[in-house]
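> From the sequence below, what's the structure:
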Amino acid sequence: MSKKLISIVVPIFNEEENIFALYQALQSVFKEIALSYNYELILVDDGSKDKSWQLMKELAAFNSCIKILSFSRNFGHQMALTAGYDAARGDAIITIDADLQDPPSVILAMIKEWQKGFYIVYARRITRKDSLLKKFVANVYYRILHLIADVAIPRNVGDFRLIDRAVLNGVQSIRETTCYWRGMIAWTGFAHTFVDFKREQRAGGIPGYTWKKSFKLGIDGITGFSSFPLEIAAYVGFFVIITGSLMLAYITYDAVINAIYYPLFKWLTTIVYIFMGVQFLLMWLIGEYIGRIYMQQKQRPLYLIKEEKGLEKKIHEDNAYSPKNSARDICCSSADRPNTSSSTFE
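Numbering: from 1, shown residues only. Coordinates of the predicted model:
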């Protein structure tokens, strides 16, 4: 019986200072994995401007378990993950960044949880060595996302995770140009667990996620998994109508009962204020229709099937995705794994 395959996907963007260090850190992990599984390492160059691609080619030439691909330009971290997922053949797929902030040693703990039957294993940060401003912004953002998202997206987790082939089969049908993998993985609803770790400082180089890219990722997360932004107009509209009506009732009472004179512009201002609320409600209704069009054009499957048994015919094949047979492609079995005992990469 052939061993199952573990795929490790690493997006690369200007990481020439970290590529060899990452490979060295993964070496001990590979040795442990190889006792029970075959493995492959997939490096995705996201349009790097430094020597990252050249170093990746050197590693691939040295180790046949390493698969590499390069984008024509920088398409973004999430698209690099997408390409890595598309290329992965494993029964379990692990994604990790190249900056060594996420310790590769955690991978072994993630595999143990997967062996217990969990389909998704998140690496959860219990500490992170970032600036106070970045910690504050991230904390506020994830609190807001947790409150308004239509699905429960775990907090304090990034893109360091393990997913089962069944999960990947489900989400691979989602081809959104503004993909937010943290949300899409959570959206599947498969059984998940956490492995806690302490996040380290970046090993070297400059972070690929600028404030601009982080902001875009945050917007993708909110708009992709929450209709709350469309509902804001409704809340504002109701507030304006209620307060405007109370204001109109007050000046009407004051004018009729207390014989207080109010100039015409005050009456008109109050009425216009109320109609502003009506406009907000109309904007909300239009937004609801646009939101439904937006959700429909995503063409996400209506549901996912975890297991099938005894069905003579696949049910609703156009609307559901069920686990396909897990990949059994063999990479780096003990017979064909290169001897690296004397390598300069160790």
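
> contacts, neighbours, all on C-alpha from now
OK.

> Run through the helices of the stretch 1-150 of the chain in chain order.
19-33, 52-62, 77-87, 106-115, 132-148 (DSSP state H, counting those that start in this stretch).

> Buried residues, the third one. List them.
By 16 or more other CA atoms under 10 Å, the buried positions in helix 77-87 come out as 77-85, 87.

> quick one on the thing from earlier: tell me which of the helices of the stretch 1-150 of the chain is the most buried.
helix 77-87 (a mean of 21; mean count of other CA atoms under 10 Å).

> tell me how far it is from the chain's mean position?
Mean-position distance between helix 77-87 and its chain equals 11 Å (CA atoms, centre = their mean, to the nearest Å).

> do stretch 222-242 as well
24 Å.

> Going by neighbour count, list what's buried in it.
222-228, 230-231, 233-234, 236-238, 240-241.

> Out of these, name the ones that lie in strands.
Applying DSSP state E to the buried residues of stretch 222-242, no entry is found in strands.

> What is the nearest of these to residue 101?
residue 222 (25.2 Å; CA to CA).

> Once you drop chain neighbours, what's closest to that closest one?
residue 145 (6.4 Å; CA to CA, 6 or more residues apart in numbering).

> returning to that earlier point: among the buried residues of helix 77-87, which one lies nearest to residue 71?
Of all those, residue 71 sits closest to residue 80, with 8.3 Å by CA to CA.

> and that closest one, what is it in contact with?
By CA atoms under 8 Å, 6 or more residues apart in numbering, the contact set of residue 80 is 11-12, 44-46.

> Look at it and report its pLDDT.
Looking at residue 80, its pLDDT is 89.

> ok, it to residue 250 distance?
60 Å (CA to CA, to the nearest Å).

> re the thing from before, could you save the contacts of residue 80 as a markdown table and add columns showing pLDDT and neighbour count?
Output for those, formatted as a markdown table (pLDDT from 0 to 100; neighbours: other CA atoms under 10 Å):
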| residue | pLDDT | neighbour count |
| --- | --- | --- |
| 11 | 93 | 25 |
| 12 | 93 | 26 |
| 44 | 92 | 27 |
| 45 | 92 | 28 |
| 46 | 90 | 26 |
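
> mind putting those residues in a markdown table, distance to residue 151 included?
Formatted as a markdown table, the contacts of residue 80 follow (distance: CA to CA, whole Å):
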| residue | distance to residue 151 |
| --- | --- |
| 11 | 26 |
| 12 | 29 |
| 44 | 29 |
| 45 | 31 |
| 46 | 29 |
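
> Out of the residues you listed, list just those in strands.
Short answer: these in strands (DSSP E) are 11-12, 44-45.

> right, and out of those residues, which lies closest to residue 218?
So of the ones in strands among the contacts of residue 80, ranked by how close each gets to residue 218 (CA to CA), first place is residue 11, at 18.9 Å.

> need the contact list for the closest one.
Shown in contact with residue 11 (CA under 8 Å, 6+ apart): 43-46, 77, 80-81, 84, 96-98.

> Tell me what it is bridged to.
For residue 11, the residues forming beta bridges with it (DSSP bridges) are residue 44.

> Distance of it relative to residue 183?
From residue 11 to residue 183 the distance is 18 Å (CA to CA).

> same question, residue 215
Distance from residue 215 to residue 183, by CA to CA: 16 Å.

> repeat for residue 150
10 Å.

> Please apply the same query to residue 22.
For residue 22, the distance to residue 183 - CA to CA - is 27 Å.

> Pull the number of nearby residues for residue 190.
18 (other CA atoms under 10 Å).

> sorry, back to before: show me which of the contacts of residue 11 is closest to residue 193.
When those are compared against residue 193 (criterion: CA to CA), the nearest one is residue 96, at 17.1 Å.

> got a pLDDT number for that closest one?
You'll see residue 96 listed with a pLDDT of 95.

> now the nearest residue to it once chain neighbours are set aside, what's its secondary structure?
For residue 96, ignoring the flanking residues on the chain, the nearest one in space by CA to CA, 6+ apart is residue 160 at 4.8 Å. Secondary structure for residue 160, judged by DSSP: H, G, I helix; E, B strand; the rest coil, is strand.
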